[in-house]
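Chemist: here's a sequence, model it:
(one chain, ligands or ions: 1)
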Amino acid sequence: MHMTTRRITRKIKVGSTFIGGESPVLIQTMAATKTHDFEATADSVNKLAESGAGLIRVAVDNSDDVNALAEIRKRTTANLSVDLQENFRLAERVAPYVDKIRYNPGHIHHLDPNTPWQKKVEYLVDVARKYDVALRVGVNCGSIDPTKLTLNRSGDAVSIPSNGDLTKTESIFDPLLASALEHVDFLDSIGFTRYCVSIKSSDPQTVVLVNRRFAELRPDIPLHLGVTEAGAPPMGILKSRLALEQLLAEGIGETMRVSLTVEADQKAEEIQAARLILTNVAAGNIIDPSTPLPKLDIISCPSCSRVQNGRFVELARQLVKATEFAKDYPFKIATMGCRVNGPGETDQADVGLWCGPDKVNLKDGSTPIGSFGYDEVIEKAVALLKNKIDQFNAQHKS
Ligand code: SF4
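Modeler: Next up is the predicted model:
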């Protein structure tokens with residue numbers, strides 16, 4: 001048994017708490033209630049804070065949500081954060097009510113594509129300074145800055161793998177890193193240091209490698225750790241443990257979120273899983289990094305306020321059961337809760353499902369197959385998977 005020596009990064013203030021420096025690792029989670037239902041969301045935020053979350057994210061997409069955020073702020077003293085998704089201009093409206101704002105270098109290009117990203121980040125920094133909030137630069141493998149997709153770690157051009165599969169460690173590593181480094185260099189150049197960085201992937205090994213490398217290059221910057229779309233427990237917990245326990249045991253990671261596909265009223269499970277990880281690391285009892293994962297990779301989003309049909313979580317769980325037979329086949333299945341990230345983040349999966357209000361959209365790679373009712377889509381997805389397995393077996397017949 002050994003005790004971890006934590007590294008000492010910059011310390012940033014987030015509401016009533018801190019990330020980095022000598023502060024303990026801050027546990028984060030996200031409310032998954034409908035944000036416009038501000039009573040329910042404030043209630044959820046307060047319960048999550050009581051369960052041990054030091055920072056709680058709330059989804060905000062439109063004016064109704066902004067108005068609700070003001071009401072939520074009146075009802076809680078918990079530290080709140082908001083993710084801007086593609087709408088960076090929302091920053092000024094949400095900043096008065098939150099303590100941290102996350103922006104994604106891969107999303108910031110979309111709105112006002114003719115405005116250089118540096119101008120948009122300068123605007124975010126002005127807002128952050130004016131309203132006394134911290135920022136998170138949140139890089140994600142499902143939404144990488146398109147200008148970074150063809151760089152290797154020396155900054156030289158490389159080609160995207162011919163199968164288009166950007167989820168494999170070797171091909172995803174450099175664009176993720178390049179994107180994060182570009183933004184931190186820029187933030188530092190304009191004298192803003194009140195930020196942390198996250199670099200997330202659904203592949204635990206990628207999370208370890210890319211965060212370890214970033215920590216080598218920029219040991220001063222606090223890191224927010226997480227495996228994105230880790231899925232439902234127990235697999236979501238296992239994937240998160242594989243990545244986060246290794247990094248934390250190396251002293252890397254100042255804040256963390258375990259993303260789990262669970263119902264809105266079960267989000268405290270994310271906090272319990274984070275505590276388990278911290279306890280294991282403190283005890284020197286971390287999971288064996290070579291613990292194998294099934295070849296069939298099933299990812300699903302953690303669900304949030306944007307889920308358009310509450311059946312999403314149950315659907316994700318059913319799909320795990322219905323595809324157990326295929327666990328030894330190297331395919332990827334992605335289930336997403338809404339149209340915000342659904343269409344894009346299923347592109348890299350062999351079988352993709354993203355949920356609408358009444359129907360679930362099924363995809364074969366990046367090709368849409370059709371929309372099906374919640375009761376019939378599992379059967380269709382399993383048939384698609386079986387087809388792929390037949391092809392795979394035919395190709396690999398000795
Ligand atoms: S895919 Fe949609 S529902 Fe799922 S976490 Fe992302 S934004 Fe929320």
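
Chemist: what residue ranges in the stretch 251-398 of the chain are flagged as low confidence?
Modeler: For the stretch 251-398 of the chain, the stretches flagged by pLDDT under 70 are 398.

Chemist: contact residues of it facing the ligand?
Modeler: By the rule Cβ under 6 Å from any ligand atom, the part of the stretch 251-398 of the chain lying against the ligand is 301, 302, 303, 304, 306, 307, 336, 337, 338, 340, 341, 342. C-beta here means a position set from N, CA and C on the backbone, and glycine is covered the same way.

Chemist: in strands only, show me those residues.
Modeler: Within those, residues falling in strands by DSSP state E are residue 336.

Chemist: by proximity to the ligand, which residue of the stretch 51-200 of the chain wins?
Modeler: Nearest residue of the stretch 51-200 of the chain to the ligand (Cβ to the nearest ligand atom) works out as residue 59 at 6.5 Å.

Chemist: what pLDDT does that residue get?
Modeler: Residue 59 carries a pLDDT value of 93.

Chemist: measure the nearest residue to it once chain neighbours are set aside to residue 363 for me?
Modeler: Computed as Cβ to Cβ, 6 or more residues apart in numbering, the closest residue to residue 59 that is not its neighbour in sequence is residue 305, at 3.9 Å. Plainly put, residue 305 is 24 Å away from residue 363 if you go by Cβ to Cβ, to the nearest Å.

Chemist: tally of neighbours for residue 22?
Modeler: Neighbour count for residue 22, taken as other Cβ atoms under 10 Å: 9.

Chemist: for it, give me its contacts.
Modeler: Taking Cβ atoms under 8 Å, 6 or more residues apart in numbering, we find residue 22 in contact with 6, 8, 11.

Chemist: any idea how many residues pack against the first one?
Modeler: Same thing as residue 6. For residue 6, using other Cβ under 10 Å, the count is 19.

Chemist: who are the contact partners of it?
Modeler: Applying Cβ under 8 Å, 6+ apart, the residues contacting residue 6 are 22, 251.

Chemist: next up, phi/psi of it, please.
Modeler: Backbone torsions for residue 6, taken as degrees, to the nearest 10, come to phi -80, psi 140.

Chemist: for it, give me the pLDDT.
Modeler: Note on residue 6: pLDDT of 85.

Chemist: returning to what we had before: surely the residue nearest to residue 59 and residue 40 touch.
Modeler: No: the pair residue 305 and residue 40 fails to qualify as a contact (Cβ atoms under 8 Å) at a distance of 10.1 Å.

Chemist: tell me, what's touching the two both at once?
Modeler: Common neighbours of residue 305 and residue 40 (criterion: Cβ under 8 Å, 6+ apart): 33, 34.

Chemist: stretch 98-112 near the ligand anywhere?
Modeler: No: using Cβ under 6 Å from any ligand atom, we find that stretch 98-112 stays clear of the ligand, coming within 11.6 Å at best.

Chemist: please identify the buried residues of that stretch?
Modeler: Going by neighbour count (16 or more other Cβ atoms under 10 Å), the buried part of stretch 98-112 is 98, 99, 100, 101, 102, 103, 104, 105, 106, 107, 108, 109.

Chemist: for the second one, give its distance to residue 67.
Modeler: Okay, so that is residue 99. Using Cβ to Cβ, residue 99 is found at 19 Å from residue 67.

Chemist: ok, now which ones touch residue 68?
Modeler: Residues near residue 68 by Cβ under 8 Å, 6+ apart: 35, 36, 37, 38, 41.

Chemist: next secondary structure after the helix or strand encompassing residue 91?
Modeler: Using DSSP states H and E, residue 91 maps to helix 91-94. Reading on from helix 91-94 to the C-terminus, the next helix or strand found by DSSP H and E is strand 100-103.

Chemist: pull the CA coordinates from the following helix or strand past that next one and hand them back as PDB.
Modeler: Sequence order places helix 117-131 as the next helix or strand after strand 100-103, per DSSP H and E. Presented in PDB, the C-alpha positions along helix 117-131 are these (Å, rounded to 0.1, in the frame of the first residue of the first chain):
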ATOM      1  CA  TRP A 117     -12.200  31.600 -32.000                       C
ATOM      2  CA  GLN A 118      -9.800  33.900 -30.100                       C
ATOM      3  CA  LYS A 119     -12.300  36.700 -30.200                       C
ATOM      4  CA  LYS A 120     -15.000  34.400 -28.800                       C
ATOM      5  CA  VAL A 121     -12.700  33.300 -26.000                       C
ATOM      6  CA  GLU A 122     -11.700  36.900 -25.200                       C
ATOM      7  CA  TYR A 123     -15.400  37.600 -24.800                       C
ATOM      8  CA  LEU A 124     -15.800  34.600 -22.500                       C
ATOM      9  CA  VAL A 125     -12.900  35.900 -20.400                       C
ATOM     10  CA  ASP A 126     -14.400  39.300 -20.200                       C
ATOM     11  CA  VAL A 127     -17.600  37.800 -19.000                       C
ATOM     12  CA  ALA A 128     -15.800  35.600 -16.500                       C
ATOM     13  CA  ARG A 129     -13.900  38.600 -15.100                       C
ATOM     14  CA  LYS A 130     -16.900  40.800 -14.900                       C
ATOM     15  CA  TYR A 131     -19.000  38.200 -13.000                       C
END
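
Chemist: so residue 253 is in contact with residue 247, correct?
Modeler: Yes: Residue 253 is within contact range of residue 247, at 5.1 Å (criterion: Cβ under 8 Å).

Chemist: going by neighbour count, list what's buried in the biggest helix by length in the chain.
Modeler: Longest helix in the chain by number of residues (criterion: DSSP state H): helix 169-189. Of the residues in helix 169-189, 171-184, 186-187 count as buried by neighbour count, 16+ other Cβ under 10 Å.

Chemist: kind regards, and thank you for your time.
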